[in-house]
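Asker: predicted coordinates and the sequence they were generated for:
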Amino acid sequence: HHKAIGSIDGKGLTSAADYEAVNAALGRVVASVPASKVMDVYNAFAGLTNPAVPNKIFSTVNSLDANAAAKAFYEFKDVVKAAQR
């Protein structure tokens, strides 16, 4: 989203409103296709990624922040899935 890029501050962060708008748009995109197609993409990406990568990334960040981000992602997934019905 052009607007979100335009609102990036000196710390490299966009505004909360623009971040929310980008996530809402991504949710609409994902919800617009059948769940099976979403899972095809997910599984294809998983097949290309070394299984050690997630743990390596996790080891480089604060574990509480990483867990909070994962929880938010799973909640987002549930909202998108509900929109697919």
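Answerer: It's in.
Asker: give me the pLDDT for the residue sitting furthest away from the middle of the chain.
Answerer: For the chain, the residue at maximal distance from the C-alpha centroid (Cα atoms, centre = their mean) is Gly10, at 22.9 Å. We have a pLDDT of 95 for Gly10.
Asker: Three-state assignment for it, please.
Answerer: Here Gly10 takes the coil state, with states given by DSSP: H, G, I helix; E, B strand; the rest coil.
Asker: now it. Its backbone dihedrals?
Answerer: Main-chain torsions, Gly10, degrees, to the nearest 10: phi -60, psi -20.
Asker: and the pLDDT for Arg85?
Answerer: For Arg85, the pLDDT comes out at 66.
Asker: burial check on Asp40, number of neighbours?
Answerer: For Asp40, the neighbour count with other Cβ atoms under 10 Å is 12. Just so you know, the C-beta spots here come from the backbone N, C-alpha and C atoms, and that holds for glycine as well.
Asker: which helix is the longest one in the chain?
Answerer: Longest among the helix segments of the chain by residue count, using DSSP state H, is helix 63-84.
Asker: pull out the buried residues from that helix.
Answerer: Of all the residues in helix 63-84, those buried under the rule 16 or more other Cβ atoms under 10 Å are Val80.
Asker: hmm, who's touching that helix?
Answerer: With contacts defined as Cβ atoms under 8 Å, 6 or more residues apart in numbering, helix 63-84 is touched by 23, 27-28, 30-31, 34-35, 58.
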